[in-house]
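Participant: this is the structure alone, sequence omitted:
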């Protein structure tokens, strides 16, 4: 067999022990909060039937879904005319009956419909699994990455919106990532704007232009709106949006004035007001709640509240989380009238922000707490007995497998950032003792084997 | 869009919250032991380059690897002659440049070679990730399943064999799965047998026949050996194997006699003796160490110790774990002379055994500890304040989102096995109290909101 220079597919990653430790630190913190709030984990298969996924993410999405080539003789049964024409669009569904998960939302909808008789509604689930997209890889964009979602389906209560704001605050506080902004908006407010513009098809242009207020100022935004075909009359009507500033309460007051003629818009204001009032009563630990009327994530998907998480001030980073309420998720699989709300955490970006702010605990870099130096079989056996006691105390500890030169073994301890080294040589073996060396402080002491639990780490 | 009846590909599974909880219970127990013993986690991509995987698992393996159809116009660049001939063997590498991971061993070998300059040897890693095989699905065999591996590469020390025996014992004890048998053998003993038979190509026939000793007795085994073309002379030489009974020590003594003319065989005996002696000194908590000369897992793969785990007596189940020492894992990727040893845990089978023996903790069935009944917004706000305190105490707790009928809310608590219900109605709101109802005992008490941490769960 020819020797191959090893590599991995572009857009994928190997995770080293330190990287896994950092990712798990984030994932476990999120999981812990999900559990605390009563969400339950589910897992779905990595690949779904071709038809379950195709057509759910638009044309672009369909292209980015990884298809799995049928096993065996995949050419059998393929239409001869399509084969000869080499038409990939027509051939793909004939060559592939399975595809890799593109997100966790469609599999979740499929799960709810398929298992509806076993579920208790409202059903609160979380799911943390990888997804795959045949996107062009670039900085921070991968072909395999984890999504981290929590959703509730089966209730329209606004207390769920309140709960998700609390959940975001809980997670980012636990990560020590202080000062994130939980931006909220409501699809109904955007619909209210559309009503006032008179054309809902201009709503995207409108929000895209408005989003640039910080960068290009009021005049710039108005100019862009005109270029995007929004009438001067409509712009005049919505002009007060430019003055939306200050606290959430102030912004809501202003919106009530702006949207007073739109019933839908006012419903949106009312919903946001409810959330803001409850959060004002409950308080947030470290996050900031804000209202951002330019927020429009998945315009055609969300039907109520919309959330997006901004990194702490001073960190250059796109949103590190987001979500919102949707009313029709499961109808594509035949179950109508199930309202839902969900949020997700952007795992990779949260990791980048934490790296930048140096927020990962130092302890994640140490691999094992204790290394026993190996002086030969008799001494090693004694060390193994000590290790057994240490393991039962929950300590991470190992024996260097070979009776190599001490220098080599100490180098191994240093390279792996091991803080304690245990030495059981000939004399310690005879005395029933061990020497405990603190690698950070350079100190050492001799202890009896009978006092492992007391002597160690004090 | 047409409504689709939802389903998942055959051989794959959805995992419900209870199933995830059970699997995580096993995985976390194993992870915890891996960490304690100084193993570090790595993760590799779900798909590898086509050439990384193909040719590593034999012809059958190549067939069972799931290939990913190239994105975009996959027909471009395909050899026209192959296309017209519809030859799947020739077309597959042209239509697919990536394939789903088939096991964790080849990706690990690839990882070690690719990252050798960053690693400290001996390198102890564990990896718990799904793998995919296009196998015919049947009871207990899936197309997507988790593997759970620990390996050390870079040392030939037998202390690692000793460590892995201890690790198996630690994991199964922690799972409360008592009485598993850690069967061991050594490839060198099998080589010794082959030397004595005179033909190493008959070794497989020999071990397959010998393996049936329990079922068909000595006479039956001898008959089968003859049918498999093993000479009477060879059988006579190895006849003492049939009398291998009793303790590991007794079996080793007998083997020393049987294999005395084979240097390789005697080396194997010596290695097993070392392991057995150290384990006798160290003791095992609940597992039983045994010597099984018929054990031959991956005959062409292992070069030293071979392990296999048998379920506790009385449980009908194939092996629930296994592993061994190999000497040439990384050479396919160009790194020679790296000895390694690894073990794996059969996650699905361990789950089935634990289910059969009813070993999962009862607590895994309860989803959330406390449900607050919703009596309307004012009361709900008070409940949310209580929830915040509970969450900070690490309790899992939630508010029923709607002010639905009490009966419906209590039914929800029952269906989800929630042990405590908190009632804050109008009068409790006025008094600053809450009623805590123990759903299992049917008792209840009224507590002050100020004494949450004291009053609750006592």
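Facilitator: Yep, that arrived. For clarity, every value in this text was computed on a predicted model and none was experimentally measured. Numbers count the residues shown, from 1 in each chain, chains lettered A, B, ... in the order given.
Participant: need the three-state assignment for residue A:193.
Facilitator: Taken by DSSP: H, G, I helix; E, B strand; the rest coil, the conformation at residue A:193 corresponds to helix.
Participant: can you report phi and psi for the closest residue to residue A:164 other than its chain neighbours?
Facilitator: Leaving aside its sequence neighbours, residue A:164 sits nearest to residue A:343 (CB to CB, 6 or more residues apart in numbering or on different chains; 5.1 Å). The C-beta positions use only the backbone N, C-alpha and C, and glycine is treated the same way. Here is the backbone geometry of residue A:343 (degrees, to the nearest 10): phi -130, psi 160.
Participant: list the beta-bridge partners for residue A:343.
Facilitator: Beta bridges link residue A:343 to residue A:150, residue A:323 when assigned by DSSP bridges.
Participant: for it, which residues are in contact?
Facilitator: A:149-151, A:164, A:167-168, A:307, A:321-324 (CB atoms under 8 Å, 6 or more residues apart in numbering or on different chains).
Participant: dump those into JSON lines; add neighbour count and pLDDT as well.
Facilitator: Output for these, formatted as JSON lines (neighbours: other CB atoms under 10 Å in any protein chain shown; pLDDT from 0 to 100):
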{"residue": "A:149", "neighbour count": "20", "pLDDT": "98"}
{"residue": "A:150", "neighbour count": "26", "pLDDT": "98"}
{"residue": "A:151", "neighbour count": "25", "pLDDT": "97"}
{"residue": "A:164", "neighbour count": "25", "pLDDT": "98"}
{"residue": "A:167", "neighbour count": "21", "pLDDT": "98"}
{"residue": "A:168", "neighbour count": "24", "pLDDT": "98"}
{"residue": "A:307", "neighbour count": "28", "pLDDT": "97"}
{"residue": "A:321", "neighbour count": "23", "pLDDT": "96"}
{"residue": "A:322", "neighbour count": "23", "pLDDT": "95"}
{"residue": "A:323", "neighbour count": "24", "pLDDT": "95"}
{"residue": "A:324", "neighbour count": "25", "pLDDT": "95"}
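Participant: of those residues, which is the nearest to chain B?
Facilitator: In terms of CB to the nearest CB, no member of the contacts of residue A:343 lies closer to chain B than residue A:167, at 9.3 Å.
Participant: make sure the closest one is indeed in a helix.
Facilitator: Yes. Under three-state DSSP, residue A:167 falls within a helix.
Participant: so it sits right up against residue A:151, yeah?
Facilitator: No. Taking contacts as CB atoms under 8 Å, residue A:167 lies outside contact range of residue A:151: 11.7 Å.
Participant: can you list the residues of the stretch 151-300 of chain A near chain B?
Facilitator: Counting by CB under 8 Å from any CB of the partner chain, the stretch 151-300 of chain A comes close to chain B at A:152, A:155-157, A:159-160, A:162-163, A:166, A:170, A:278, A:281-282.
Participant: from those, keep the buried residues only.
Facilitator: The neighbour-count test (16 or more other CB atoms under 10 Å in any protein chain shown) marks A:152, A:155, A:157, A:159-160, A:162-163, A:166, A:170, A:278, A:282 as buried among those.
Participant: save the residues you listed as CSV, and put in distance to residue A:409 too.
Facilitator: Formatted as CSV, those follow (distance: CB to CB, whole Å):
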residue, distance to residue A:409
A:152, 54
A:155, 60
A:157, 61
A:159, 59
A:160, 56
A:162, 56
A:163, 53
A:166, 50
A:170, 44
A:278, 59
A:282, 55
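Participant: on that earlier part again, take the residues of the stretch 151-300 of chain A next to chain B and keep only those in helices.
Facilitator: Taking DSSP state H as the definition of helices, these contribute A:159-160, A:162-163, A:166, A:170, A:278, A:281-282.
Participant: between these, which sits nearest residue B:193?
Facilitator: residue A:170 (62.0 Å; CB to CB).
Participant: quick check: the nearest residue to that closest one once chain neighbours are set aside vs residue B:162, distance?
Facilitator: Closest residue to residue A:170 apart from its sequence neighbours, by CB to CB, 6+ apart: residue A:33 at 4.8 Å. Per CB to CB, to the nearest Å, residue A:33 is found 41 Å from residue B:162.
Participant: quick one, strands of the stretch 351-458 of chain A?
Facilitator: With DSSP state E, counting those that start in this stretch as the criterion, the stretch 351-458 of chain A has strands at A:370-372, A:397-399, A:420-423, A:433-438, A:443-448.
Participant: for those, give me TSV that also has mean pLDDT and mean neighbour count.
Facilitator: Formatted as TSV, the strands of the stretch 351-458 of chain A follow (pLDDT from 0 to 100; neighbours: other CB atoms under 10 Å in any protein chain shown):
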stretch	mean pLDDT	mean neighbour count
strand A:370-372	96	25
strand A:397-399	97	25
strand A:420-423	96	22
strand A:433-438	95	19
strand A:443-448	93	12
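Participant: that'll do, ta.
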